[in-house]
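> here is my input; please provide its structure:
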Amino acid sequence: MHNVGVKQLAGYLRHLPARGWSPVVLSRDWSEGPAAEDARWGLAYVDEAPGVPVATAPRAEPRGALLSLHDRLGRATAPGAHPAGRMLATPVRKALSAAWPLFGRYPDDLVGWIDGAVEAGARAVREHGAEAILSSCPPEVNHRVAGRLARRTGLPWVALFGDLYNFYVGPGDWHGTAHRRALATALHRRWLAPASRALAVSPRMARLVEELYGVPGEVVVVGYDEEDFAQAPPPRDDGRLRLAHVGSLYPGDQRPEMLFDALDRLLAARPGAADDLEVALVGSRCEDRLRALVAGRPCARVCDVRPRVSPGEAVRLQRASDALLLFNLTSQRRRGTLSYPSKLWEYLAAGRPVLAFPADGDFVDDVLRDTGGGVTVDGAAELAEVLAGWHAAWKAGRGIPYAPRPERIAGYSRRRQAERIAAALDGAR
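Now for the predicted structure:
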């Protein structure tokens with residue numbers, strides 16, 4: 001892994017020994033630095049769990065005669081290639097593409113790591129006397145390695161899904177055709193057959209894994225590290241009502257224009273709010289897109305679009321805000337919450353009211369209601385109404401309405417989620 005998932009997994013590893021499990025990590029060899037596709041995103045995270053042994057295997061480029069032929073045919077059919085060559089190569093490439101998961105870069109471009117990782121993993125099992133295997137997706141190749149290790153060693157295997165990615169098969173998936181969906185499902189079933197159980201970050205994801213692949217599923221969320229929130233919140237005396245969103249945004253799915261519409265409505269109803277309201281949008285990874293969406297709007301006066309910050313600074317910004325904005329994913333909303341912004345857990349730990357939109361009608365709504373951590377709204381008009389009420393309460397010195405249940409929020413700490421992982425490992429053994 002090369003992204004923020006590293007921090008999440010390291011947090012689990014620090015807590016597993018208290019529940020009787022001593023982790024050994026099997027990872028890619030990163031001694032030569034990140035690969036081009038990793039450096040492109042600028043997402044190099046390093047974290048350590050002291051005393052945890054790490055076994056590594058190098059990543060190689062995917063190889064094979066069929067893959068090489070497919071790549072050559074791809075170049076022959078690319079725009080600008082010779083017309084006669086394109087005409088001859090196109091039907092052959094289409095025929096070959098029909099079976100691409102069987103030989104290509106599937107489920108992802110890291111398949112060249114699999115063979116070496118299985119060998120390194122088998123050595124680690126022998127050296128450390130491992131009793132179970134835990135793998136995390138994404139990337140998807142981790143589950144392929146774990147499945148082969150489970151077959152080779154006979155050890156029980158628990159598959160942890162932080163997201164499904166290519167393991168999702170259904171409406172709106174990346175497979176595109178009924179034929180590819182059927183082929184992908186068959187491959188996934190074979191790969192996941194040795195798994196004793198699956199852990200997933202939402203109830204719907206757990207159900208879907210069980211329905212598609214026959215692996216019993218239960219919920220384990222990313223959680224928050226209690227250590228990150230041990231200090232008192234930073235002081236503020238700037239006299240402004242600050243709303244913040246900290247983390248990645250996907251405008252086509254998470255609909256930031258709903259916030260901008262609501263802010264425009266708020267400023268039309270309460271023009272004075274422009275003088276004491278700040279909306280910070282930090283680390284979206286689509287800063288130019290957000291600036292273009294807000295340009296020329298009344299709310300441009302109060303919106304502050306900022307680049308990505310370190311994890312520590314992200315926590316500080318959350319705790320220095322008056323309320324936190326959560327943009328729910330919308331593409332799968334009608335079928336239940338398959339995925340959602342994992343910042344939810346840090347937001348709860350930050351001790352600031354969360355305003356989530358649009359309402360997902362499922363997991364996020366349930367969590368906020370259960371923890372008292374915030375509210376959800378389902379449209380720009382409703383969002384503007386809540387913001388106006390919050391601004392009026394803040395202006396009157398009453399503060400934003402907030403009645404958290406700390407004991408319920410504590411259940412989503414990374415330590416408590418590591419306990420759930422340990423229980424799954426206990427049950428699989």
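> what is the neighbour count of Arg420?
18 (other C-beta atoms under 10 Å). Any C-beta I mention is one placed from the backbone N, CA and C, and that applies to glycine too.
> spell out, range by range, the strands that occur in this structure.
Taking DSSP state E, the strands of the chain run over residues 25-28, 54-57, 133-137, 157-161, 197-200, 217-219, 241-246, 277-282, 303-306, 323-327, 354-357, 374-376.
> show me what the third one is packed up against.
The reference is to strand 133-137. In terms of contacts (3 or more C-beta pairs under 8 Å, 6 or more residues apart in numbering; DSSP states H and E), strand 133-137 is packed against helix 141-153, strand 157-161.
> what strands line up against that strand, and which way round?
Partners of strand 133-137 in the sheet, by DSSP bridges, are strand 157-161 (parallel).
> would CSV of the helices and strands packed on strand 133-137 with distance to Gly223, mean neighbour count and mean pLDDT be doable?
Shown next, in CSV, are those (distance: least, C-beta to C-beta, whole Å; neighbours: other C-beta atoms under 10 Å; pLDDT from 0 to 100):
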stretch, distance to Gly223, mean neighbour count, mean pLDDT
helix 141-153, 19, 21, 97
strand 157-161, 12, 25, 97
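> wait, Ala349 sits on Asp228?
Yes: applying C-beta atoms under 8 Å, one finds Ala349 in contact with Asp228, separated by 7.3 Å.
> okay, these two: which has more neighbours?
Ala349 (23 against 20).
> so what's the more buried one up against?
By C-beta atoms under 8 Å, 6 or more residues apart in numbering, Ala349 lies in contact with Tyr224, Glu226, Asp228, Phe229, Ile409, Tyr412, Ser413.
> and the closest residue to Leu149 other than its chain neighbours, how far is that from Val111?
Closest residue to Leu149 apart from its sequence neighbours, by C-beta to C-beta, 6 or more residues apart in numbering: Gly121 at 4.8 Å. Separation of Gly121 from Val111 (C-beta to C-beta, to the nearest Å) stands at 15 Å.
> can you list the weak-confidence ranges in the stretch 201-350 of the chain?
332-336 (pLDDT under 70).
> quick one: the helices in it?
Counting by DSSP state H, counting those that start in this stretch, the stretch 201-350 of the chain has helices at residues 203-213, 251-254, 256-269, 287-294, 311-319, 343-350.
> swap in the stretch 51-200 of the chain?
Counting by DSSP H, counting those that start in this stretch, the helices of the stretch 51-200 of the chain are 65-76, 83-97, 114-128, 141-153, 178-192.
> so who does the residue nearest to Tyr12 when sequence neighbours are not counted touch?
Counting by C-beta to C-beta, 6+ apart, Tyr12 lies nearest to Ala418, which is 4.7 Å off, once chain neighbours are set aside. Shown in contact with Ala418 (C-beta under 8 Å, 6+ apart): Gly11, Tyr12, Arg14, His15, Leu16, Ala18, Arg19, Gly223.
> please repeat the previous calculation with a cut-off of 6 Å.
Tyr12, His15, Leu16 (C-beta atoms under 6 Å, 6 or more residues apart in numbering).
> kindly report the same for Ser68.
Taking C-beta under 6 Å, 6+ apart as the definition, Ser68 has no contacts.
> for Arg86, see how far away it is.
From Ser68 to Arg86 the distance is 19 Å (C-beta to C-beta).
> got it, and Asp225?
53 Å.
> now swap in Asp426 and tell me
Distance from Asp426 to Arg86, by C-beta to C-beta: 58 Å.
> Ser97: what's its closest spatial neighbour, skipping adjacent residues?
His70 (7.2 Å).
> should've said Gly214
Closest to Gly214 by C-beta to C-beta, 6+ apart is Arg189, at 7.1 Å.
> can you check Ala380 too?
Counting by C-beta to C-beta, 6+ apart, the residue nearest Ala380 is Asp261, at 3.8 Å.
> count the residues that sit near that neighbour.
18.
> coming back round to it: where does the residue nearest to Gly214 land on pLDDT?
Arg189 carries a pLDDT value of 96.
> residues near the closest residue in space to Gly104 that isn't next to it in sequence, how many?
The shortest distance from Gly104 to any non-neighbouring residue, by C-beta to C-beta, 6+ apart, is to Leu67 (5.6 Å). Look at Leu67: counted by other C-beta under 10 Å, it has 17 neighbours.
> how about Glu211?
11.
> any idea how far it lies from Val169?
For Glu211, the distance to Val169 - C-beta to C-beta - is 10 Å.
> against Arg72, how distant is the residue located most distally from the centre of the chain?
Relative to the centre of the chain, and counting by C-alpha atoms, centre = their mean, the farthest-placed residue is Ala84 at 44.6 Å. According to C-beta to C-beta, Ala84 and Arg72 sit 16 Å apart.
> again with Val375
From Val375 to Arg72 the distance is 56 Å (C-beta to C-beta).
> with neighbour numbers in mind, choose between these two.
Neighbours were counted for Val375 and for Arg72 using other C-beta under 10 Å; Val375 has more, 20 against 12.
> dig out what the more buried one forms beta bridges with.
Leu355.
> stretch 94-107 spans what distance, first to last residue?
The separation between the terminal residues of stretch 94-107, taken as C-alpha to C-alpha, to the nearest Å, is 19 Å.
> so for it, what gets flagged as buried?
By 16 or more other C-beta atoms under 10 Å, the buried positions in stretch 94-107 come out as Leu96, Trp100, Pro101, Phe103, Gly104, Arg105, Tyr106, Pro107.
> equivalent analysis for stretch 419-429, please.
Glu419, Arg420, Ile421, Ala422, Ala424, Leu425, Ala428.
> dump those to TSV, plus distance to Arg144 and pLDDT.
Compiled in TSV, these are given as follows (distance: C-beta to C-beta, whole Å; pLDDT from 0 to 100):
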residue	distance to Arg144	pLDDT
Glu419	28	97
Arg420	24	97
Ile421	20	97
Ala422	24	97
Ala424	20	96
Leu425	20	96
Ala428	19	89
